[in-house]
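> pasting the structure only:
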């Protein structure tokens, strides 16, 4: 596995609710799925998108190279008529010695910055924090 942080990369993204109850069914932990496209400029700024079939957020942030590389960016936009803003902080998982078929992965936390409408006429509150991981699909 080589350094997955290139100028343009596309990732399969999944976020999960954080809970301490080990008996929680894994499917109940799912918060979101998306395609994450990260573009890195020469000044280490990040642009791109994160989204699914019915929504998309634009990304703005930066990368700090190191071991591990650190990415910090915000996703912002409208879903329907409602503004959404999320903040993402993640790290590239280093190559694990003796790992077999290890894929490039980002792991981190995502925080909802502002509230937005949720399922069943509820409000998804600001400040909610979830864990996420993203697996590299392709890079240019």
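Now that the structure is in, tell me what you want to look at. Computed from a predicted structure; not experimentally measured. Residues are numbered from 1 along each chain as shown.

> distance of residue 81 from residue 115?
Distance, residue 81 to residue 115, by Cβ to Cβ, to the nearest Å: 14 Å. Where C-beta positions appear, they are placed from N, C-alpha and C, glycine not excepted.

> same deal with residue 86?
12 Å.

> show me where the protein has strands.
8-17, 30-40, 45-51, 56-64, 70-79, 82-92, 105-112, 116-117, 123-124, 129-139 (DSSP state E).

> Turn these into TSV, including mean neighbour count.
Compiled in TSV, the strands of the chain are given as follows (neighbours: other Cβ atoms under 10 Å):
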stretch	mean neighbour count
strand 8-17	18
strand 30-40	18
strand 45-51	18
strand 56-64	16
strand 70-79	17
strand 82-92	18
strand 105-112	18
strand 116-117	16
strand 123-124	12
strand 129-139	17
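
> okay if I get those strands as TSV plus mean pLDDT and distance to residue 98?
Listed next are the strands of the chain as TSV, based on pLDDT from 0 to 100; distance: least, Cβ to Cβ, whole Å:
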stretch	mean pLDDT	distance to residue 98
strand 8-17	96	25
strand 30-40	96	28
strand 45-51	98	32
strand 56-64	97	28
strand 70-79	96	25
strand 82-92	97	19
strand 105-112	97	17
strand 116-117	90	44
strand 123-124	90	41
strand 129-139	92	20
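
> Good, we can wrap up now.
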